[in-house]
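Chemist: Please find the sequence and the predicted model below.
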Amino acid sequence: MNHQTYQDWLFADAEDLSPIQAHSLQEHLQVCEQCQSLSSAFYSLEAALNADEMAAPEPGFTRRWQARLEASQQHIYRRQIVTTFSTIVFGLVALAGLMLAILWPWLKSPSLLFYTWVYQVFSFYTFADALRNLASPLLNFSKSAFPLMGIIFGFGLLSELAVLWVVSYRLLTSPRRVTL
């Protein structure tokens, strides 16, 4: 005989059983000794569990737990700070070493360094002048093509989208905090 259905009904809440299922279970318990012993063991275990009160935590448990959690968070924070600082220092030392290796020929000859700086300043000035000559007609056209309110509205919309992106990024990347 298959007892699985009756055992499932035995462990289910009485409110979940239909009257027909409850009646069928009671009839089966009257004839089956195996299910009777299982039923009596289950009810005695349930009574023993309900009779015992839940053990209360030791005094100061939550305070100690919160202190241990805070110490753990501080340890993680310090480790992140040390890791970040050491990574930055290592990167700066590596960058300084590379810059020294690249600039070594120029450091031997100060006149070469001076001529290079003069050339760079002249190139920057030439580039800025070409950019001004290119952008000036575009700016004059945009003044006549777009009204001032449209430009203000566009900058406002772009600003709001940037703020929305930053807030969304912050919410998605920040760890969830548990508060008590």
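Modeler: That came in fine, so what should we check first? Predicted model, so just to flag it, every value in this text is computed and none were measured.

Chemist: can we go C-alpha only for contacts and neighbour counts from here?
Modeler: Fine.

Chemist: Quick check: what element follows the helix or strand encompassing residue 132 along the chain?
Modeler: Residue 132 belongs to helix 110-145 when assigned by DSSP states H and E. Next in sequence after helix 110-145, counting helices and strands by DSSP H and E, comes helix 148-173.

Chemist: Can you tell me how far the residue in the chain sticking out farthest from the centre is from residue 72?
Modeler: Going by C-alpha atoms, centre = their mean, the residue of the chain most distant from its centre is residue 31, 59.0 Å out. Distance of residue 31 to residue 72, computed by C-alpha to C-alpha, to the nearest Å: 60 Å.

Chemist: Then residue 10?
Modeler: Counting by C-alpha to C-alpha - residue 10 and residue 72 are separated by 46 Å.

Chemist: Tally up the residues packed near residue 86, please.
Modeler: 12 (other C-alpha atoms under 10 Å).

Chemist: Next: residue 142.
Modeler: 13.

Chemist: Same check on residue 102?
Modeler: By other C-alpha under 10 Å, the residues close to residue 102 number 11.

Chemist: Who has more neighbours out of residue 10 and residue 72?
Modeler: Using other C-alpha under 10 Å as the criterion, residue 10 and residue 72 rank with residue 10 on top: 20 against 12.

Chemist: neighbouring contacts of the worst-scoring helix or strand of the chain on mean pLDDT?
Modeler: Lowest by mean pLDDT, DSSP states H and E among the helices and strands of the chain is helix 4-11, with a mean of 75. In this structure, residues lying in contact with helix 4-11 by C-alpha atoms under 8 Å, 6 or more residues apart in numbering are 17, 21-22, 25, 28, 35, 39.
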